[in-house]
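# Got a sequence here, can you model it:
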Amino acid sequence: MSASSAPIRVVVAKVGLDGHDRGAKVVARALRDAGMEVVYTGLHNSPEQVVATALAEDADAIGLSILSGAHMTLFPRVLRLLDEADARDIVVFGGGIIPDEDAAELREAGVAEIFGPGASTQVIAEWVRGHVPSPDQGSRAAA
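Below is the predicted model of the structure:
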């Protein structure tokens, strides 16, 4: 694979105490099938673990799956940790059971997109491809 076709690298993560990961695994597989490199972190990660993984893996994006109701705490914590690591070029998106008003507030805070229940994996993969720069399009990896 040439440098001009470097794949988008995405960390898909479950944060907090939420133990339901089927959706995250389906999204991870869909992104992989769409040609992206995906690291799935498994269950019960802290925001610190997710950000550390994204930095270690030179990720272009983090996709968080949150079904526990803690989205208004966990998404902002990930964003703060990325700020502290001077890594806000890592695009943060996610999904789960998130009310529309909370999704709007999270977008205002810096989460790039929120996908609700039933979101098509094709739509998610197309969104990532359209909104996350690949390494050859100017992310940290190219710096």
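# Could you pull out the strands in the chain for me?
Secondary structure of the chain by DSSP state E: the strands cover 9-14, 37-40, 61-66, 91-96, 113-115.
# Format those strands as TSV; extra columns: mean neighbour count.
To be clear about C-beta, it is placed using only N, CA and C from the backbone, and glycine gets the same treatment. TSV is the format used below for those (neighbours: other Cβ atoms under 10 Å):
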stretch	mean neighbour count
strand 9-14	27
strand 37-40	19
strand 61-66	26
strand 91-96	24
strand 113-115	20
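# Dump these to TSV, plus mean pLDDT.
Shown next, in TSV, are those (pLDDT from 0 to 100):
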stretch	mean pLDDT
strand 9-14	97
strand 37-40	98
strand 61-66	97
strand 91-96	96
strand 113-115	98
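# In a markdown table: the ones you listed, plus distance to A103.
Below are these laid out as a markdown table (distance: least, Cβ to Cβ, whole Å):
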| stretch | distance to A103 |
| --- | --- |
| strand 9-14 | 18 |
| strand 37-40 | 23 |
| strand 61-66 | 11 |
| strand 91-96 | 9 |
| strand 113-115 | 4 |
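# so who does the residue nearest the centre of the chain touch?
In the chain, the C-alpha nearest the mean C-alpha coordinate belongs to G63, at 1.7 Å (Cα atoms, centre = their mean). When contacts are counted by Cβ atoms under 8 Å, 6 or more residues apart in numbering, G63 touches V10, V11, V12, A13, A24, V27, A28, L31, F93, G94, G95, V128.
# can I get these in JSON lines with distance to V51?
Putting the contacts of G63 into JSON lines (distance: Cβ to Cβ, whole Å) gives the following:
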{"residue": "V10", "distance to V51": "14"}
{"residue": "V11", "distance to V51": "9"}
{"residue": "V12", "distance to V51": "14"}
{"residue": "A13", "distance to V51": "9"}
{"residue": "A24", "distance to V51": "17"}
{"residue": "V27", "distance to V51": "19"}
{"residue": "A28", "distance to V51": "18"}
{"residue": "L31", "distance to V51": "19"}
{"residue": "F93", "distance to V51": "15"}
{"residue": "G94", "distance to V51": "14"}
{"residue": "G95", "distance to V51": "18"}
{"residue": "V128", "distance to V51": "18"}
